[in-house]
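Trainee: Give me a model of this one.
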Amino acid sequence: MTLYLRSLRPVQLRLISAIARHGKLRLAADTCNMTTPAASRMLAEIESQLGTELFTRTPKGMLPTPAGRVLVNHARKLVHDIDQMAQDFAAHLGGTGGSVRVGAVTGGALAAAIPAILDLKSEAPLVDVALDVSSSSRLMWGLERGEFDFTLSRVGPHDYSRDFEIHPAGDEAVLLMVRRGHPMAEAGEVTLAELRDQAWTMQDRGAPIRHALEIAFHEEGTDLPANLIKTASVVAIMALLRDSDVIAVVTHEVADLLLSPPFCADLALLRTVRQIRIEPYHILCPRDRLMSPAAQRLLALVQARLGR
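Mentor: Residues are numbered from 1 along each chain as shown. A predicted model of the protein is given here:
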């Protein structure tokens, strides 16, 4: 009996569920696209194999027996799961369902990934999207291990030899942000050397934004500030700007986010003589991995946002 139950076919489960729902064999047969005699024979075979009646015939229709109720409860769940599987698979193939995993550096996330994700969700609300905003090294590590469908990240000198498709995406300008009441907020155009003795917050060594600032200070013939709080967290940077006179090193995408509605933070940008830019980030896709239709669509939307 147990072996037989495990081998029940979807059409048998669907018939059992339909009989319980309609209470009439004819209506259940119609639901299952069967003739009434065929449905009757199928039910009789199931009951014979199980050695018990699953439904009793009453003037009000067919009602499940106690044994029948057990089978009906599970049949309903299994039929629902089968139908859901079919819907999910069709949605996956059509790009209206499935899942997408994308990683991005902060600038790439704000400039392209997040707007493209919102575009995708407006087209296909049921697509499951995961976005990881992290450093390029972390994103590269995840991409190699299959954690992401694609990333917006920077490429190291040895990454071009890896098995990725690499496409130019965008670059970022470095801006210096302070609270509006900062002593240097109204100073006009300033050099980095003039700001060196102020309190600063920036990322740790090795981060591209930190590297760009190190080069800029070196080219002005001065060292990095000594009074420094190291953090890559945008939330921490916002708190430091609110509570102190630090100079925060941010990308122009982060500055736009904080200074534009609805946030309109009480912050200001310092005008520097030197323009500071970070090395560009790229779109990276594994060569040997097929993308789902939803991931392909998101990639196309990201490229459109970047003007590629």
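
Trainee: and residue 245, how many neighbours does it have?
Mentor: Residue 245 has 15 neighbours, counted by other CB atoms under 10 Å. Where C-beta positions appear, they are placed from N, C-alpha and C, glycine not excepted.

Trainee: Provide the secondary structure category for it.
Mentor: Three-state assignment for residue 245 (DSSP: H, G, I helix; E, B strand; the rest coil): coil.

Trainee: For it, which non-adjacent residue is spatially closest?
Mentor: Of all residues not flanking residue 245 in the chain, residue 182 sits nearest, at 5.3 Å (CB to CB, 6 or more residues apart in numbering).

Trainee: Repeat that for residue 283.
Mentor: Closest residue to residue 283 apart from its sequence neighbours, by CB to CB, 6+ apart: residue 167 at 4.5 Å.

Trainee: For the longest helix belonging to the chain, buried residues please.
Mentor: Using DSSP state H, we find that the single longest helix of the chain is helix 66-94. Residues of helix 66-94 classed as buried by neighbour count (16 or more other CB atoms under 10 Å): 68, 71-72, 75-76, 78-79, 91-92.

Trainee: Could you give the separation of it from the chain centroid?
Mentor: Put simply, helix 66-94 sits 27 Å off its chain's centre (CA atoms, centre = their mean, to the nearest Å).

Trainee: any idea of the mean pLDDT in it?
Mentor: On average, the pLDDT along helix 66-94 is 86.

Trainee: thinking again about what came up before, how about the buried residues of helix 66-94 in JSON lines, adding distance to residue 294?
Mentor: Formatted as JSON lines, the buried residues of helix 66-94 follow (distance: CB to CB, whole Å):
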{"residue": "68", "distance to residue 294": "41"}
{"residue": "71", "distance to residue 294": "37"}
{"residue": "72", "distance to residue 294": "36"}
{"residue": "75", "distance to residue 294": "32"}
{"residue": "76", "distance to residue 294": "30"}
{"residue": "78", "distance to residue 294": "27"}
{"residue": "79", "distance to residue 294": "26"}
{"residue": "91", "distance to residue 294": "9"}
{"residue": "92", "distance to residue 294": "7"}
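
Trainee: any idea which of those is closest to residue 2?
Mentor: Closest approach to residue 2 among the buried residues of helix 66-94 (CB to CB): residue 71, at 12.8 Å.

Trainee: So the residue nearest to residue 283 belongs to a strand, correct?
Mentor: Yes - when three-state DSSP is applied, residue 167 is found to be in a strand.

Trainee: dump the residue contacts of it.
Mentor: Counting by CB atoms under 8 Å, 6 or more residues apart in numbering, residue 167 makes contact with 282-283, 285, 303, 308.

Trainee: as a whole number, average confidence for stretch 24-33?
Mentor: The average pLDDT within stretch 24-33 is 93.

Trainee: can you check stretch 105-125 too?
Mentor: Per-residue scores along stretch 105-125 average to 94.
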